[in-house]
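# 3D model of this:
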Amino acid sequence: MAQQRYPTHTFRTKDPPASQNTGEVALHIGGLPAASDVDRICNSGSPLPTFDLAPMLALERGQQSEAVEQLCQAVATCLRDTGCVVISDPRVKAEDNMAFLDMMERYFAQSTAAKMKDARPDLHFQVGATPEGTETPKCTVDPTSIASIHSQPAEHRARVPQGADPKWRYMWRIGDRPAQTRYAELNAEPVVPANFPEWPAVMTTWGNKMLAAVHTVAQMAAVGFGLPPDAFTERMAYGPHLLAPTGADLEAHNSLNMCYAGYHYDLNFLTIHGKSRFPGLFVWLRDGKRVAVRIPAGCLFIQAGKQLEWLTGGYVKAGMHEVVCSEDTLAALKNAQAQGSSTWRVSSTVFGHIASDQRLSPLGHFATPHAIQEYPALDAGKYVQQELEAIKLKQR
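Numbers count the residues shown, from 1 in each chain. Okay, the predicted model is just below:
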């Protein structure tokens, strides 16, 4: 099967900003606001800016647009200053997310025995089901993470989980895998559950649309950073991209402030989320503020992962986040119970990866002597294996 391709747009690119805080305007749906910037928006307590991808998608290959260049620079600035962006993508429909959530709620509501038939511990749970109590957040054992939490001001401090995360996960690969790779276990064939004939179509449709949005944002970020437009996307080709929804049983796990996913960063390049039916995701901005994520209807949330941090030599930091049972979670649970709806909290998540056999190292002007020392060249697959060991999904 041919590798799925996404359009690459060609731009004039400017030199990277001399200052890390560029003060570029934040874009909202509908265009450029007259007077606001990412820093002021994020420090004022207002919601994160929403970036409309339609102008980027409307460009034909080879065209140039000053407005789209400004949009790209604003996306890059937002990633740098906050570690995340909210986007509106006309290709991604809310009804696709609803069909996906409906199916995943039915899947997670099955018995443990039924779901365990889909688990593949021999493949480090990188396809199929991962049982609750398996993923162990690094913040419970890593001295650096523990020290970071203890240094946080009380109002922005992460919750410290008691042991492994009480959530299930399902890994479904998105896109084609390489014909040859040194990391076969990270590029395994997908697992299709029994009694879900619609599974491949629903998962692949939703996963491909989310991954296409990741590709577009990756191109925009590259332009905004002063790199070639395909600097990131060419390294994503044949990557081990995963649609990886989680499922937490809120009937069983509903204590206020309990962690469904402990304080952590994602090991991949960019992570994208559709809107969940239950709140609970919190992120930390670059300035240390803890913010509840509220995705507007029809929008998507993207967060920087460790591979993006690596490729930018630390200019963008992997976004720290956690999923907890908040007051809003409990209110949504009460509402679902009253309506007789599912009480499984399902995340709608795709992990966009750099291909396993690609080398991670700072790119272009990010490759300063300090950055090269801090982020030495390493296969993306080797790095993923190391991180899986740390969270106990891969045994040494």
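
# Could you use CA atoms for every contact and neighbour count after this?
Will do.

# which residue sits closest to Thr349, ignoring its sequence neighbours?
His273 (4.5 Å; C-alpha to C-alpha, 6 or more residues apart in numbering).

# same deal with Gly319?
Leaving aside its sequence neighbours, Gly319 sits nearest to Gly83 (C-alpha to C-alpha, 6+ apart; 5.0 Å).

# Now do that neighbour against Glu322, distance only.
Relative to Glu322, Gly83 is positioned 14 Å away (C-alpha to C-alpha, to the nearest Å).

# what do you get for Leu267?
Leu267 is 14 Å from Glu322, by C-alpha to C-alpha.

# Surely Leu363 is in contact with Glu309?
No - Leu363 lies out of contact with Glu309 (C-alpha atoms under 8 Å); the separation is 10.7 Å.

# Settle it for me: which of these two has more neighbours?
Glu309 (25 against 17; other C-alpha atoms under 10 Å).

# Report the buried residues of the helix or strand encompassing the more buried one.
If you go by DSSP states H and E, Glu309 is part of helix 306-311. Of the residues in helix 306-311, those buried by neighbour count under the rule 16 or more other C-alpha atoms under 10 Å are Lys306, Gln307, Leu308, Glu309, Trp310, Leu311.

# going on from that helix, what's the next piece of helix or strand?
strand 321-324.

# Below-threshold pLDDT in the stretch 151-300 of the chain: ranges please.
Along the stretch 151-300 of the chain, the parts satisfying pLDDT under 70 run over 185-186.

# how about the helices in it?
199-224, 233-236 (DSSP state H, counting those that start in this stretch).

# how distant is the first one from the center of its chain?
For helix 199-224, the distance from its own C-alpha centre to the chain's C-alpha centre is 11 Å (C-alpha atoms, centre = their mean, to the nearest Å).

# Around the residue lying closest to Asp230 once chain neighbours are set aside, count how many other residues there are.
For Asp230, ignoring the flanking residues on the chain, the nearest one in space by C-alpha to C-alpha, 6+ apart is Gln219 at 6.0 Å. Residues lying near Gln219 (other C-alpha under 10 Å) number 26.

# So Gln219 sits against Phe232, correct?
Yes - contact criterion C-alpha under 8 Å: Gln219 and Phe232 qualify, at 6.9 Å.

# give the contact list for the residue nearest to Pro296 when sequence neighbours are not counted.
Leaving aside its sequence neighbours, Pro296 sits nearest to Lys275 (C-alpha to C-alpha, 6+ apart; 7.8 Å). Lys275 makes contact with Asn97, Ile295, Pro296, Ala297, Gly298, Cys299, Leu300, Ser347, Ser348 under the criterion C-alpha atoms under 8 Å, 6 or more residues apart in numbering.

# Can you redo the residues you listed as a markdown table, where the extra columns are neighbour count and distance to Ala371?
Converted to a markdown table, these look like this (neighbours: other C-alpha atoms under 10 Å; distance: C-alpha to C-alpha, whole Å):
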| residue | neighbour count | distance to Ala371 |
| --- | --- | --- |
| Asn97 | 21 | 39 |
| Ile295 | 19 | 33 |
| Pro296 | 15 | 36 |
| Ala297 | 10 | 39 |
| Gly298 | 16 | 38 |
| Cys299 | 21 | 34 |
| Leu300 | 25 | 31 |
| Ser347 | 23 | 34 |
| Ser348 | 25 | 33 |
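
# Among the residues you listed, which ones are in strands?
Leu300, Ser348 (DSSP state E).

# how about JSON lines for the contacts of Lys275, with distance to Val214 added?
Below are the contacts of Lys275 laid out as JSON lines (distance: C-alpha to C-alpha, whole Å):
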{"residue": "Asn97", "distance to Val214": "16"}
{"residue": "Ile295", "distance to Val214": "16"}
{"residue": "Pro296", "distance to Val214": "18"}
{"residue": "Ala297", "distance to Val214": "18"}
{"residue": "Gly298", "distance to Val214": "16"}
{"residue": "Cys299", "distance to Val214": "13"}
{"residue": "Leu300", "distance to Val214": "10"}
{"residue": "Ser347", "distance to Val214": "17"}
{"residue": "Ser348", "distance to Val214": "14"}
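
# So which of the contacts of Lys275 is the closest to Ala154?
Nearest to Ala154 among those: Ile295, at 25.1 Å, using C-alpha to C-alpha.

# you'd agree Leu333 is up against Phe278?
Yes - counting by C-alpha under 8 Å, Leu333 touches Phe278, with 7.4 Å between them.

# Let me see the backbone angles for the residue of the chain positioned farthest from its centre.
In terms of distance from the mean C-alpha position of the chain, Ala338 ranks first, at 31.6 Å (C-alpha atoms, centre = their mean). Backbone geometry at Ala338, expressed as degrees, to the nearest 10, gives phi -70, psi -30.

# what about the strands in the stretch 101-250 of the chain?
Taking DSSP state E, counting those that start in this stretch, the strands of the stretch 101-250 of the chain run over residues 128-130, 168-173, 242-243, 246-249.

# what's the longest one packed up against?
Right, the one you point to is strand 168-173. Secondary-structure packing of strand 168-173 (3 or more C-alpha pairs under 8 Å, 6 or more residues apart in numbering; DSSP states H and E): strand 128-130, strand 242-243, strand 246-249.

# How about the last one?
Secondary-structure packing of strand 246-249 (3+ C-alpha pairs under 8 Å, 6+ apart): helix 94-108, strand 168-173, strand 344-346.
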